[in-house]
Every structure is written in C-alpha cells, then in structure tokens.
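Q: I need the structure of the sequence given here:
(one chain, ligands or ions: 3)
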Amino acid sequence: MILAELIKDWPCEVQGGSIRIQINGITDEASQIEPGNIFVARRGKQHNGWDFVSQAMEKGAVAIVYDQDQPIQHAEVPHIWVPDCSTFLSYACKAFVGDQIELLKIVAVTGTNGKTTVTHFIGQILQQLGAKVAVLGTLGLWINGERQDQYTSSMTTPPPAYLYRIFSQCVQMGVTHVVIEASSLGLSQHRLDHCPIDYGVYLNMSRDHYDEHGSKEKYELAKRKLTTLAKKIIVNADDPFCLSMKQHHVRTFTFGKYRTADISIIHKEIEDTSTILLVQYLENPVELKIPFIGDHHQQNVLAAVATVQQLGYPLQMIAPKIPQLTLPLGRQQEVENTKGIRIVIDYAHTPSALAAVLQSLKQTAKKRLTVVFGCGGDRDHGKRQEMGKVADCYAHKIWLTSDNPRREQADMIIAQIAQGIKLTPYAIKINRKQAIESAIAEASPGDTVLIAGKGHETTQIIGSQVVPFSDFEISRAYVSLLNMGLNDE
Ligand SMILES: CC(=O)N[C@H]1[C@@H](OP(=O)(O)OP(=O)(O)OC[C@H]2O[C@@H](n3ccc(=O)[nH]c3=O)[C@H](O)[C@@H]2O)O[C@H](CO)[C@@H](O)[C@@H]1O[C@H](C)C(=O)N[C@@H](C)C(=O)N[C@H](CCC(=O)O)C(=O)O
Ligand SMILES: Nc1ncnc2c1ncn2[C@@H]1O[C@H](COP(=O)(O)OP(=O)(O)OP(=O)(O)O)[C@@H](O)[C@H]1O
Ligand SMILES: N[C@H](CCC[C@H](N)C(=O)O)C(=O)O
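A: Ligands and ions are numbered 1, 2, ... in the order given. Below is the predicted model:
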C-alpha cells in the first residue's frame, strides 16, 4: 500500500521524506518493526514511544507518526503529525487490511466476568453448527477449537497491530465468524475503535480495574463504548448496568431470567452436575441441558445462545449442542486424586467471580470448603478487601497467598485482603506453592479446595521477574505424591 493512500482521509501534517512510498505494516512497538513498516510513536503511561524512534529506524521504519511537539529526528523519512496516535493506529491498521474483513461476522463480548467463557461457548456452538470460528482473548487465538500457537499478544483484547493481522489471516483461512473479548482497557485504549463489530454482548458489570481506569465511572464509560462500536447489542436484562445500555442503542436484544427478556428462562431444574433450563423466544420453548451448575454458567450459556440465535440459527438447532459445551482451560478445572478431595482450579480474580464460583461449589460441597487465593499487584486495590469479605462469607478456611504481586509487596496485598476477613480462620503463606500444598494436605475426604485467581496462567510475576508457575501442575504433582503415600506422616 502507498503511504499517501493510507493517510489521505485522516487529519495530519507531514514533514520530511516522501509519502509516495510503499509501506507494508504499522506498529507502535519499536521491537516489532520490520523493514517497510510505519512506527507510531505513542505516549503511554510507562513509556514515550518517541524515545524508541531511533530503534524503529534502525529496524527499517519508513515513516514516523507522532502526536506531540517534537523536533524532526530523521528528515529522510516522512514525519506525520496526527491529533492522537492511538486512534490513528486503530484507523490505519484497519485501513491497511482493507475491506476484506467485512466478510467476517464479528462478535465482541464485554463484562467484568465470563468473557473468555462466553466467547468459547459461542465458538463451540457455532463450530458444531458447521461454521469456521476464531475465538480471540485471554487464552490467545483459537480456530475451530485448536489453539494457534503462532499468535503472540498476551493481551485479552489485542492492540490494533495484532488484531487486524489476525482478521486478515482469518479471511485467508476461510473463517466465517470471529468472537473476541472486549476488555474495558481494550475499549478505553482505542484498540477496537475501527473494528466492524456486528454484535456487542453485555454480560455483567461489577468491580474491577477501577484504579487502572481512574474511577468506577470511567470503568463504566469504557464498557459503554461498545454501544458506539457494535451494530446491535445483546444485553443481560438481569444486570442493571447492562440493561441501561439499551438507552444508548437503537438495536438491542435481551436475555435473562424473567419473561420481559427476549430470550428468557421459564423453568429450571438443578441436578448433581448439570442444569436444565426451559427457555423461550417468541412462542416456542426449548430445553437446554447445561453440563454444569452455577447461576453464572446459566448466564454465560444464555448469553451464548442469544448471540448464536441472533447470528441466524434457530433455538431448535442450538439446543442439541448445549450438552457438549466444555469450560475453557483454568475455569473450574478439576484436579483428579484418590484421596476423595475435590480440588478445583478457577480463574476467579474479582469479588463477584469469587462469589459465583464459591457459591456454586458450596451447593455441591460434601464437607468443608477451603479457598486459596491472593490478588494481583498493580491492579485495583479496592477489590482486595472485597475478595476477603467474599471468602469470609462462603469458606470454612482461607489460605492467603501471592497472585502476581508485580511491583508491589505480596505481604502488603495480603494484609489488604485480610481486612475483609472477620470470622473465618485464615492462614498466610506468601509462597503460593506452599499455600496450595498446605491447603491440600489439610483437607480430608469429602472436602473441597478451591485454588482461585490464576486459572490457566503458567507464570508468576514477581517484580520484573516472570517465573514458571501453574496452579494445576503444582496441585497435580502434589496429589500424585499423596497418591503414592510419600507424604503420609
Ligand atoms: C494499562 C494498560 O493496559 N497498559 C498497556 C498499554 O500501556 P501504555 O499505554 O502505558 O504504554 P507504554 O507501556 O507506556 O508504552 C508506550 C508506547 O511505547 C512503546 N514502547 C514501549 C517500550 C519499549 O521498549 N518499546 C516501545 O516501543 C509501546 O509499544 C507503546 O506504544 O499499552 C502497552 C503496549 O500495548 C501494553 O503493554 C500495556 O499493557 C499492560 C502491560 C497491561 O498489563 N495491561 C493489562 C492491564 C490489560 O490491558 N489488560 C486487559 C484485560 C483486563 C481484563 O480482562 O480484566 C487486556 O485487554 O489485556
Ligand atoms: N457470568 C459470570 N458471572 C460471575 N462470575 C463468572 C461468570 N462467568 C465466569 N465467572 C467467574 O469468573 C472467572 C473468570 O472467567 P472468564 O475467564 O470467563 O472471565 P473474563 O471476563 O474473561 O476474565 P478476564 O477478562 O479477566 O480474563 C471464572 O473462572 C469464574 O469463576
Ligand atoms: N486480565 C486480568 C487478569 C488478572 C489475573 C490475576 N491472576 C492477576 O494477575 O491479577 C488483569 O490483567 O487484571
């Protein structure tokens, strides 16, 4: 593509070089520049992209985009001033891949909890119905249920330089539907600004990321942005915030527990490990046999069913696919053992997620319920005490430990969580491996041990160090020691 063509419809001022040059990509990460790319020198909270212009030039950048008052450094290439680098980045990455992505049906799911779960449920249902589906989010890129290891962004909602490259690859591979997670930070940081989203799904709204956004209001405003990006919104009518999104869009569809929703639950039965819902849309009720229990999973399945219905598949075709649904990695993942203890790994890292998973485990717990968890460093401080309160409410024993302390002190984070615990006995073990092993060692047959917060994660971030760490592998290794009797006293 010719640079002049790319920038002709965007407000900008150009100095130096020529804009009649061929470009072959755009990025704001200097280390990712390949010869022929444009470097967008974006100012962030940690760094100023302008400081990496020389690195970008050495790697072969052919133009620099910036939005600050800076003297030109490399007059041999065009310096393009734009009002805002982040929105330009989103616009330019989309323009670079062109109209081909209009061939894709794009669904974006937002909510405090359940985005990964619902995107994967939608993907699983569509795949069973014969579509070729890409699912993109916290667990990376999956196409028809297979993880694509070549995909490298660690973000839930990938920045534009990744997003549009993936869309373009999806078109080449014959993908028909792309289901993405729209995180609040992804929305506020303009990662999705020019994305042609057909359906925006609003799942739920509660506390998370208040510090990163600056306030509860700014977090909510970020979530609201999806109403301006999606052609139609699909809304959880049981959640007041989600329902209020109807005021901001003319095309809405609702799902929920009550008959006022477009798709609603008219009858429910809970069995040992499954839930049967009778749901209704217009006059035809259908039965959904959900292979899990827990109110949150009813919400997730209903959201997925509503979305697939809106994509054009009748409920009668969707219903037979529901019993085959599986939870994504690290979501209520069981660790098998011969000691009769139920050990569950789960990604709950917000107060409402922790409440949801503890509530559903309590429904089936035969004896005591123990929870092992911590809270992430450099993330919302206010949720820590709230998570302490939730654990206090449901568990018989709490083990407080580290969860990616990042640049904070793990013991300080734990002290903030402990402020929420009033009645339940708790123990502190900063070393997460020891905390997990102690909780399992202390459990008796019939007890349930929930290890929450890190789910599928395979690392622990301490300061600037990233060390291998998996709740699942540590628990599995420990139970196999127990199974061999090596740890019996
Ligand atoms: C708060 C936040 O989201 N920050 C993201 C944001 O940082 P930032 O805007 O402050 O950028 P910065 O790091 O100051 O860098 C400024 C510019 O310099 C460039 N740079 C920087 C350093 C360098 O060596 N070379 C270089 O070129 C950067 O690419 C960037 O263009 O842009 C960076 C580059 O894309 C991201 O790495 C960074 O994610 C941080 C690491 C992060 O952890 N984000 C998390 C909180 C996040 O976004 N999470 C949500 C999911 C949340 C959820 O699901 O609950 C997500 O969508 O992933
Ligand atoms: N609908 C829901 N309501 C409340 N909690 C939920 C819901 N769905 C899932 N959870 C809980 O939240 C945890 C994380 O789920 P999931 O990964 O699907 O959410 P997410 O929104 O994608 O999180 P993140 O974007 O931070 O990765 C689950 O392990 C479960 O404990
Ligand atoms: N997407 C979330 C995941 C948090 C997971 C938890 N283990 C933590 O590190 O806080 C975030 O980046 O805030």
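Q: leaving aside the residues next to it on the chain, what's closest to R165?
A: Leaving aside its chain neighbours, R165 sits nearest to V97 (7.5 Å; criterion: Cβ to Cβ, 6 or more residues apart in numbering). In short, each C-beta sits where N, CA and C put it, glycine included.
Q: so what's the gap between the host helix or strand of that neighbour and the chain middle?
A: Taking DSSP states H and E as the criterion, the element that holds V97 is helix 85-97. What separates the centre of helix 85-97 from the centre of its chain is 22 Å, taken as Cα atoms, centre = their mean, to the nearest Å.
Q: how about low-confidence regions in the chain?
A: For the chain, the stretches with pLDDT under 70 are 207, 211, 484-489.
Q: which SS class is Q309?
A: The three-state label given to Q309 by DSSP: H, G, I helix; E, B strand; the rest coil is helix.
Q: list the contacts for the closest residue to it other than its chain neighbours?
A: Leaving aside its chain neighbours, Q309 sits nearest to L315 (5.8 Å; criterion: Cβ to Cβ, 6+ apart). L315 sits next to I263, V279, Y281, N284, V286, V305, Q309 when contact means Cβ atoms under 8 Å, 6 or more residues apart in numbering.
Q: cutoff 7 Å now
A: By Cβ atoms under 7 Å, 6 or more residues apart in numbering, the contact set of L315 is Y281, N284, V286, Q309.
Q: report the closest residue of the stretch 351-489 of the chain relative to ligand 3.
A: Relative to ligand 3, the nearest point of the stretch 351-489 of the chain is G376 (2.0 Å; Cβ to the nearest ligand atom).
Q: how many neighbouring residues does that residue have?
A: Residues near G376, counting by other Cβ atoms under 10 Å, number 19.
Q: so which residues on the stretch 1-150 of the chain come close to ligand 2?
A: The stretch 1-150 of the chain has residues G111, N113, G114, K115, T116, T117, T138 near ligand 2, with proximity defined as Cβ under 6 Å from any ligand atom.
Q: out of these, which are buried?
A: Among those, those buried by neighbour count (16 or more other Cβ atoms under 10 Å) are G111, N113, G114, K115, T116, T117, T138.
Q: I figured the residue of the stretch 351-489 of the chain closest to ligand 3 hits D403, correct?
A: Yes - counting by Cβ atoms under 7 Å, G376 does reach D403; the two are 5.4 Å apart.
Q: leaving out chain neighbours, which residue sits closest to Y394?
A: Using Cβ to Cβ, 6+ apart and skipping residues adjacent in sequence, the residue nearest Y394 is L358, 3.8 Å away.
Q: identify the residues contacting that neighbour.
A: Applying Cβ under 7 Å, 6+ apart, we find L358 in contact with V371, V390, Y394, A395, L450.
Q: mind doing that once more with 8 Å?
A: By Cβ under 8 Å, 6+ apart, the contact list for L358 reads L369, V371, V390, A391, C393, Y394, A395, L450.
Q: so what's the residue count around the fourth one?
A: Here the number of neighbours of A391 (other Cβ under 10 Å) works out to 29.
Q: contact partners of the one helix or strand it maps to?
A: According to DSSP H and E, A391 maps onto helix 382-394. Contact with helix 382-394 is made by 207-208, 210-211, 350-351, 354-355, 358-359, 362, 369, 371, 373, 375, 398, 413, 416-424, 426, as judged by Cβ under 8 Å, 6+ apart.
Q: anything in it near ligand 2?
A: No - Helix 382-394 is not in contact with ligand 2 by Cβ under 6 Å from any ligand atom; minimum separation 11.3 Å.
Q: for stretch 205-213, same thing?
A: No - applying Cβ under 6 Å from any ligand atom, one finds stretch 205-213 separated from ligand 2 by no less than 7.3 Å.
Q: distance between the ends of that stretch?
A: Taking Cα to Cα, to the nearest Å, stretch 205-213 runs 15 Å from one end to the other.
Q: contacts for that stretch, please.
A: 111-113, 184-185, 188, 216, 219-220, 222-223, 239, 241-242, 350-352, 379-383, 386.
Q: now the residues you listed: which count as buried?
A: 111-113, 184-185, 188, 219, 222-223, 239, 241-242, 350-352, 379-380, 383, 386.
Q: so which of those reach ligand 1?
A: Answer for those near ligand 1 (Cβ under 6 Å from any ligand atom): L185.
Q: name the residues of the stretch 101-250 of the chain found near ligand 1, please.
A: Residues of the stretch 101-250 of the chain lying close to ligand 1 (Cβ under 6 Å from any ligand atom) are M155, T156, T157, P159, S183, L185, G186, D208, E212.
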